[in-house]
Each structure stands twice: as structure tokens, then as C-alpha cells.
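**Student:** What shape does this take:
(chains A and B)
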Amino acid sequence: DGGITQSPKYLFRKEGQNVTLSCEQNLNHDAMYWYRQDPGQGLRLIYYSQIVNDFQKGDIAEGYSVSREKKESFPLTVTSAQKNPTAFYLCASSTPGTSGGYEQYFGPGTRLTVT
Amino acid sequence: QKEVEQNSGPLSVPEGAIASLNCTYSDRGSQSFFWYRQYSGKSPELIMFIYSNGDKEDGRFTAQLNKASQYVSLLIRDSQPSDSATYLCAVRKSAGGGNKLTFGTGTQLKVEL
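**Tutor:** Numbering: from 1, shown residues only, chains lettered A, B, ... in the order given. So this is what the prediction gives:
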């Protein structure tokens, strides 16, 4: 089955620790994205990557880092510099598609709680 | 002005009725428009997308786009309790820019028995 996997589903960390969230896709999509969602809010873009070994900052990149060494994988590291890391983190991927629309498909998400 | 605006709701409709969800956007050069459904605690699921002015139908769902008014809507016919969720509108702006999507904050829909 093709899809996007994120692990773990729930993650708990102590303040001051870095944590890496996994995102893997087997859809053969070129582009991948990381979003964060806070209660009652929409999705905010953290980082995105259009191709292997290249990525760009989104709207809220401070305190986060990413890598894109393989087409299938786009891990996100939440560093201790991120002031409010507790959130629902969503990974997505996209491809031009038959209509060239670049519709994005989401993984199941990782809920991170930092105390 | 927010780039993508939605009424947060909740929008309550009786079972079997038509639910109408609305979204406005600020960038006149926006090219593609998407509707996602998000159940509580779950990730967004793509329902449908539209690029051209007019209507696009897929089963019980119809997306309507009016670029002149910068307005896109989603109609859900014969609403079912399982349609109760938050509906997110997303817009892909002008060409380039990594094909990023900008999301609205979502409209909560409640379908009542």
C-alpha cells in the first residue's frame, strides 16, 4: 500500500531536549512538507522540500531543522530553541498529479508533548 | 486580512440537508483550491480540489469556485452524521514558491440526527 507514515504517534519529551520526528513516503512524490497544528488553528508550514538535498524554510521555521537525504524520507528535528514545541505535527507530500495541481496528502501525524 | 478565511462555526445542519461551507482568499493570482476534511484528533484528508471557475462534483460533494469574487465553497448533499468534522480550505498561490498551500483555520460542521 502506498502512503505516508509518521512515527511515533505520540511523543513525550522533557524541556531542553531535541527530538526527531520521522516521515516516510512510498508514493514516489518529489515534494514533502512539515506543518504544525495547534488547537483551534489551521496548519502552519514549518519546512518544505521540493527535491532531494534541498529544502526551504516555511512560515515558522525557527527552532526546527530538517534534512532530505532520500526522496522517501523527510525527518524533522524539534530543537530546544523552539519555545512552544507542544503541538500536532503533520507531514505531507505532493506531486504534480494528472492535473498538475500538486495536491498534498498527509500522514497520520505525531502528537508531541513537551513538559 | 488573513490570506485564507473561513467561518470557524460550528455549522449545524440536520441529517439529509445540504451543508454549505465557504472560504475566501486574498491572493487574486491563486491557482488551485483544495478542501480537506479533518476528524478530531486525526490528520487532514483530501476531499477534492478545483482549478477552474464553476462547479466540480464528486459524489455528494460539489466544489464551487468564483475567481472574480475570490471565493470557493464546498456543498455536501444529503449530509450524514459521519460528515461531522472540521473542513479546511487550502489555496495554492501563484506559480512557483514550492507549490505551498496556505490553509484556513477550518469550519466545524455538525450534522444532527
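
**Student:** Name all residues that make contact with the closest residue to residue A:51 other than its chain neighbours.
**Tutor:** Distances taken as Cβ to Cβ, 6 or more residues apart in numbering or on different chains put residue A:30 closest to residue A:51, at 5.9 Å, once the chain neighbours are dropped. Any C-beta I mention is one placed from the backbone N, CA and C, and that applies to glycine too. Residue A:30 is in contact with A:50, A:51, A:71, A:94, A:95, counting by Cβ atoms under 8 Å, 6 or more residues apart in numbering or on different chains.

**Student:** now with 10 Å?
**Tutor:** A:49, A:50, A:51, A:52, A:71, A:93, A:94, A:95, A:96, A:102, B:99 (Cβ atoms under 10 Å, 6 or more residues apart in numbering or on different chains).

**Student:** residue ranges with poor pLDDT in the chain?
**Tutor:** Chain wasn't specified; assuming chain A. A:1-2, A:97-100 (pLDDT under 70).

**Student:** that's the wrong chain, I wanted chain B
**Tutor:** Filtered on pLDDT under 70, chain B yields the residue ranges B:94-98.

**Student:** Next to chain A, which bits of it? Give me the list.
**Tutor:** Residues of chain B lying close to chain A (Cβ under 10 Å from any Cβ of the partner chain) are B:2, B:4, B:6, B:8, B:31-34, B:36, B:38, B:41-46, B:48-51, B:86, B:88-90, B:92, B:97-106, B:108.

**Student:** ok so, going back, now the residue nearest to residue A:51: phi and psi?
**Tutor:** Main-chain torsions, residue A:30, degrees, to the nearest 10: phi -80, psi -40.
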